[in-house]
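Colleague: quick one, what's the 3D model for this:
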Amino acid sequence: MARTDDDSWDITESVGATALGVAMARAHETTADSPLFTDPYAQMFLDAAAERGWRPPTGVMAQRIRAIGNYAASRTKWFDEFFVAAGAAGIRQSVILAAGLDARAWRLPWIHDSVVFEIDQPQVLQFKEEVLAARGAVSKARHVAVPVDLRQDWPKTLREAGFDATQPTAWSVEGLLPYLPAEAQDLLFERITELSARDSRIGVESFSAGFFSEDHLARRRELIEKMRSEAAEAGEDTEDMPDPAQLWFIEDRPYVPEWLGEHCWDVSTLRADDVMARYHRSLPPDTTEGTMATEFVEGVLTDKFSG
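Modeller: Numbering: from 1, shown residues only. The predicted structure follows:
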């Protein structure tokens, strides 16, 4: 299903279904011999989605999810550490943008009086809350769901939910940017900066500088076609196999570290390969050429931008 500027989704469709793929990766990591983290809630979400008729990927697609499992686990661990470090610095207010089936409010060791705001599509957050409530899960920080599309006036809804723009905030932008048009990405960071008090922190999973080059996009298309061919040869149904070209907005856009640096954020950047190496993980050589074209960006707001 091609994206439109005003589309919406439930947890089992379109962009929402990608959260289930990430939950599969987290559930798999949780049962590993030496997991980077444990997320007992991931399997709960998968079971609940299956009860709604969702069919877990099988065959080639399931192999693909397992193949990028080390990247997904490393990404999760990096953002876990980002929030823990923010708490150690005294930040008690966090905002998880496009929260999906993230369960950090329930599984991380938050400092006293912490509040975690989660922003996502109303249907996604409703599913999440229903599953956790039915299983008696209790959050370790005060959890506030903010059901609003990030392409709408989410700052207004966030403030109405109790967000305090005078207090430093830890913001996470994980697995989000390709699902936003370029213009919406700029607006997202403008709003975050406007809402952030001095010493606020931001963690971003960003594109590398060459992500939107024609060579890189061509390699991605070639990989998708290879997966489809392998699935077809194995007699698998390829109709539901996701195509990033349908879910992503393939548009050139500002380089995130540069944009943040120009707006009073003190920024550091790590390539995906370096993040995985930090956790002693790697990708199979035949998976996206053994690397991921993403970077992990961390910033601290040093002043209020007035340009």
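Colleague: right, and the helix or strand after the helix or strand of the chain with the lowest mean pLDDT?
Modeller: In the chain, no helix or strand scores lower on mean pLDDT, DSSP states H and E than helix 244-247, which sits at a mean of 61. Where DSSP states H and E defines the elements, the next helix or strand beyond helix 244-247 is helix 256-261.
Colleague: list the buried residues of that following helix.
Modeller: Using 16 or more other CB atoms under 10 Å as the burial criterion, the residues of helix 256-261 that qualify are 256-257, 259-260. For the C-beta atoms, the positions are set from N, CA and C on the backbone; glycine is no exception.
Colleague: ok, stretch 28-41 next?
Modeller: 28-30, 36-37, 39, 41.
Colleague: over to stretch 50-58?
Modeller: For stretch 50-58, by 16+ other CB under 10 Å, it's 54, 57.
Colleague: so Ala99 is in which element?
Modeller: Assigned by DSSP H and E, Ala99 falls within no helix or strand.
Colleague: same check on the one 3 residues further on?
Modeller: Asp102 is part of no helix or strand when elements are defined by DSSP H and E.
Colleague: need the three-state assignment for the closest residue to it other than its chain neighbours.
Modeller: Among residues not flanking Asp102 along the chain, Ile96 sits closest, at 5.7 Å (CB to CB, 6 or more residues apart in numbering). State at Ile96, reduced to three classes by DSSP: H, G, I helix; E, B strand; the rest coil: strand.
Colleague: low-scoring stretches of the stretch 101-250 of the chain, by residue?
Modeller: In the predicted model of the stretch 101-250 of the chain, residues 216, 224, 227-228, 230-231, 234-247 satisfy pLDDT under 70.
Colleague: closest to Val115 among the buried residues of helix 256-261?
Modeller: Leu260 (23.9 Å; CB to CB).
Colleague: so the closest one touches Gly299, yeah?
Modeller: Yes. Using CB atoms under 8 Å, Leu260 is in contact with Gly299, at 4.9 Å.
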